[in-house]
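Participant: prediction below, plus the sequence it came from.
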Amino acid sequence: MVTTLRVLILEDNPNDYELVLHQLRRAGFEPQATRVETEAEFSARLDPGLDLIIADYSLPQFDGLRALKIVRARELDVPFILVSGTIGEEIAIGALQAGAADYVIKDRIARLGPAVTRALEEKRFRDEKKRAEAQIAYQANLIEQVNDAIIAVDRQFNIVTWNRGAEKMYGWTATEAIGRRVTEIVRTQSTDAQVAESVRQVQKQGYGHIEAMHYRKDGSTFDVEVNTITLRDAQGQITDYVTVTRDITESKRAEQEIARRAEEFAALYDTARDLATQHDLNSLLSIIIDQAAKLLN
């Protein structure tokens, strides 16, 4: 399969330029190449969209090391390969330390294809790592922004993640919590047997949901809703438990207040009904008495 390659080539010899293109094609690439000879041309053609830069080590008024410094100064993450007729070991090491992906001697130009393949693979790995790190940073930021307590513990139930929501909810800082056994930090009014049964259910089903009463660091209590999931490895073994805990104290109080008012309303309704019944009975007695009086008269 042919891979299209956008490549900038710093080379003043047209024959050497064609030789480079030939080696790229032999390695399975279809180069879309631009040849430049001067620093001005090189700087003008630099583009973040380039896949590769190949530079002759020595030109009459410009050289590959200077070109490499320009690339790094612009913070372009483009694989850079030096090609030279002769290059000393010290210069080669210096080029690699400065950020070159590789160097190739012209009388061993067949090395160019493998060197390019390796450089592109390393670039792909860096890109994937950056994307993964960006995704992790994004998710970590989301975790820190939510008000719920997000807590992860390992299979030994030691805390490995303690977000800002957990700090606010329980009063323990991440520094105080991470590394300690979760039962030392997240204390509950549930019995040991109830906790053990909840853990068994989570291990069996892969998730769990409970409502409980928890303690803050200062000893005060609050109502919580806890949702737990398990994380597993490729063999299906549990590696971590992740819980999302929500403070439902206010909603509980609201429910209790609604229930209290409902009870008061029910009592008031019963009283009103009794009064209404008594009123109807009194009215009926009044009619009977009136009729009886009329008959007596």
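Facilitator: That came in fine, so what should we check first?
Participant: does residue 185 touch residue 157 like I think?
Facilitator: No - Residue 185 is beyond contact range of residue 157, at 10.8 Å (criterion: C-beta atoms under 8 Å). From N, CA and C alone the C-beta is placed, and that goes for glycine too.
Participant: of those two, who's got more company?
Facilitator: Per other C-beta atoms under 10 Å, whichever of residue 185 and residue 157 has more neighbours is residue 185, with 20 against 13.
Participant: that one: what's it in contact with?
Facilitator: Neighbour list for residue 185: 159, 170, 172, 176-177 [criterion: C-beta atoms under 8 Å, 6 or more residues apart in numbering].
Participant: would you give the sheet partners of the helix or strand harbouring residue 159, along with the direction of each?
Facilitator: Residue 159 belongs to strand 159-162 when assigned by DSSP states H and E. According to DSSP bridges, strand 159-162 has the following sheet partners: strand 149-154 (antiparallel).
Participant: picking that back up, in helices, which of the contacts of residue 185 fall?
Facilitator: Taking DSSP state H, the ones among these that sit in helices are 170, 176-177.
Participant: make a markdown table out of these and add distance to residue 53, neighbour count and pLDDT.
Facilitator: Formatted as a markdown table, the ones in helices among the contacts of residue 185 follow (distance: C-beta to C-beta, whole Å; neighbours: other C-beta atoms under 10 Å; pLDDT from 0 to 100):
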| residue | distance to residue 53 | neighbour count | pLDDT |
| --- | --- | --- | --- |
| 170 | 53 | 25 | 97 |
| 176 | 50 | 16 | 96 |
| 177 | 49 | 21 | 96 |
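Participant: which one of the residues you listed is nearest to residue 108?
Facilitator: Distance to residue 108, by C-beta to C-beta, is smallest for residue 177 among the ones in helices among the contacts of residue 185, at 57.9 Å.
Participant: what's the neighbour count on the closest residue in space to the closest one that isn't next to it in sequence?
Facilitator: In this structure, residue 177 finds its nearest non-sequential neighbour in residue 162, 4.2 Å apart by C-beta to C-beta, 6 or more residues apart in numbering. Residues lying near residue 162 (other C-beta under 10 Å) number 26.
Participant: mind checking how far residue 162 is from residue 216?
Facilitator: 14 Å (C-beta to C-beta, to the nearest Å).
Participant: now swap in residue 168 and tell me
Facilitator: To residue 216, residue 168 is 10 Å away according to C-beta to C-beta.
Participant: all helices of the stretch 101-250 of the chain, in order?
Facilitator: Listed in chain order, the helices found in the stretch 101-250 of the chain under DSSP state H, counting those that start in this stretch are 112-145, 164-170, 174-177, 182-185, 192-205, 249-296.
Participant: quick one: contacts of the third one?
Facilitator: For helix 174-177, the surrounding residues in contact (C-beta under 8 Å, 6+ apart) are 159, 162-164, 166-167, 170, 185.
Participant: quick revisit: ranking the helices of the stretch 101-250 of the chain by mean pLDDT, which is last?
Facilitator: Sorting these by mean pLDDT places helix 249-296 lowest, at a mean of 61.
Participant: hang on, the earlier thing: pull the contacting residues for the residue nearest to residue 177.
Facilitator: Residue 162 makes contact with 151, 172, 174, 177-178 under the criterion C-beta under 8 Å, 6+ apart.
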